[in-house]
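Undergrad: quick one, fold the following:
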Amino acid sequence: MVPRDRSGVHPQAIVDASAKLADNVTVGPWSHIGPGVEIGEGTEIMSHVVIKGPTVIGRNNRIFQFSSVGEECQDKKYAGEPTRLVIGDNNTIRENCTVHRGTVQDQGETRIGNGNLLMAYVHVAHDCVLGDNTILANCTTLAGHVTVDDYAILGGGTMVHQFCHIGAHSMAAGGSIVLKDIPAYVMASGQSAQPHGMNVEGLKRRGFGKDILVSLRRAYKVIYRQGLTTEQAIKTLETDFADLPEITPLIESLRRANRGIIR
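TA: Predicted structure coming up:
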């Protein structure tokens, strides 16, 4: 990316001369774009936004007022290393969100994929990884090293402990405190969060058919109703649901659960 015409930058915005803004990027008044920042075509930065680098932001994103994006992390081990934040395309980051860069103790990078919605006051800490099409409702807080897979939804005020993994198509109800992994497709709620069946309504909206939903409900019972260990459940799922491609994300979410899964 090379610096382009900055006609979309408000005269009262502060944009570092080394920042790289592609075509059709708009920056509102009193926003500050620092050095080491790259912003892709069509992205809209509202007023009073602070973006620090190294940060790469893709195309057609919208970042609303009073958000802080790409700030150094709150990890006390951080010693000024040049870690990064990478944001994909078509994301919406609403008012007062905070998204921090990574640490060298992990991958050195915080990553947000495509098509995500971060509602007001969301915090994404260092080394988090968000997939695509996730929704983090107002005041959701992710501690460091959290992974949120595609299409997961975290209700307002959800708090997620560091190193937890939120599985694809799962959902946590508002106010949940997540201390262990949420497997793919599972609904969770509580303090601390407990499983409450499969996220059936969400799966229906995404086109999962009746037969698949029936099978996933059966898989849920294998994990949570038969008194099996996680390892035993994985073996049973691999055997009993071998012809169901949709079982793969569920098995993978169980296999990587170093902190254990919610129970």
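Undergrad: could you pull out the helices for the stretch 101-250 of the chain?
TA: For the stretch 101-250 of the chain, the helices defined by DSSP state H, counting those that start in this stretch occupy 200-205, 210-224, 230-240, 247-255.
Undergrad: tabulate those helices (CSV), appending distance to A137, mean pLDDT and mean neighbour count.
TA: Backbone N, C-alpha and C define where each C-beta goes, glycine included. Below are those laid out as CSV (distance: least, Cβ to Cβ, whole Å; pLDDT from 0 to 100; neighbours: other Cβ atoms under 10 Å):
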stretch, distance to A137, mean pLDDT, mean neighbour count
helix 200-205, 14, 96, 14
helix 210-224, 24, 98, 16
helix 230-240, 29, 98, 15
helix 247-255, 21, 98, 19
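Undergrad: what number of residues lie near H196?
TA: Using other Cβ atoms under 10 Å, H196 is surrounded by 15 other residues.
Undergrad: can you give me the end-to-end span of stretch 44-53?
TA: With Cα to Cα, to the nearest Å as the measure, the first residue of stretch 44-53 is 17 Å from its last.
Undergrad: what about that stretch, average pLDDT?
TA: The average of the pLDDT scores along stretch 44-53 is 98.
Undergrad: give me the contacts around that stretch.
TA: Residues outside stretch 44-53 that contact it (Cβ atoms under 8 Å, 6 or more residues apart in numbering) are 10, 13, 19, 25-39, 57, 61-72.
Undergrad: so who does the nearest residue to S192 once chain neighbours are set aside touch?
TA: Residue nearest to S192 in three dimensions, not counting chain neighbours: L179, with 4.5 Å by Cβ to Cβ, 6 or more residues apart in numbering. Contact analysis of L179 by Cβ under 8 Å, 6+ apart lists 161, 164, 192-193, 259, 262.
Undergrad: filter the contacts of stretch 44-53 to the buried ones?
TA: 13, 19, 25-28, 31-34, 36-39, 57, 61-64, 66-71 (16 or more other Cβ atoms under 10 Å).
Undergrad: among those residues, which are in strands?
TA: Taking DSSP state E as the definition of strands, those contribute 26-27, 32-33, 37-39, 57, 62-63, 68-71.
Undergrad: which residues of the stretch 1-150 of the chain score low on pLDDT?
TA: By pLDDT under 70, the weakly predicted segments of the stretch 1-150 of the chain are 1-5.
Undergrad: wait, R62 touches C97, no?
TA: No: between R62 and C97 there is no contact, the gap being 11.5 Å when judged by Cβ atoms under 8 Å.
Undergrad: G167 contacts R255, doesn't it?
TA: No: G167 lies out of contact with R255 (Cβ under 8 Å); the separation is 11.2 Å.
Undergrad: tell me, what's touching the two both at once?
TA: With Cβ under 8 Å, 6+ apart, G167 and R255 have no common neighbours.
Undergrad: how about stretch 151-167: buried residues?
TA: Within stretch 151-167, the residues scored as buried using 16+ other Cβ under 10 Å are 151-161, 163-167.
Undergrad: and which of those is nearest C128?
TA: Of all the buried residues of stretch 151-167, C128 sits closest to V160, with 9.0 Å by Cβ to Cβ.
Undergrad: would you mind measuring from the residue lying closest to that closest one once chain neighbours are set aside to L203?
TA: Computed as Cβ to Cβ, 6+ apart, the closest residue to V160 that is not its neighbour in sequence is V178, at 4.5 Å. Note on V178: its distance to L203, by Cβ to Cβ, to the nearest Å, is 20 Å.
Undergrad: wait, isn't R101 in contact with V69?
TA: No: with contacts counted by Cβ under 8 Å, R101 stays clear of V69, the gap being 9.6 Å.
Undergrad: list the residues that contact both of those two?
TA: Common neighbours of R101 and V69 (criterion: Cβ under 8 Å, 6+ apart): 55, 85.
Undergrad: who touches M119 in this structure?
TA: 94, 135-138, 140, 156.
Undergrad: now T55, nearest residue through space, not along the chain?
TA: Spatial nearest neighbour of T55, chain neighbours left out: G70 (3.4 Å); criterion: Cβ to Cβ, 6+ apart.
Undergrad: P35 is in contact with that neighbour, correct?
TA: No: under the criterion of Cβ under 8 Å, G70 makes no contact with P35, lying 10.9 Å away.
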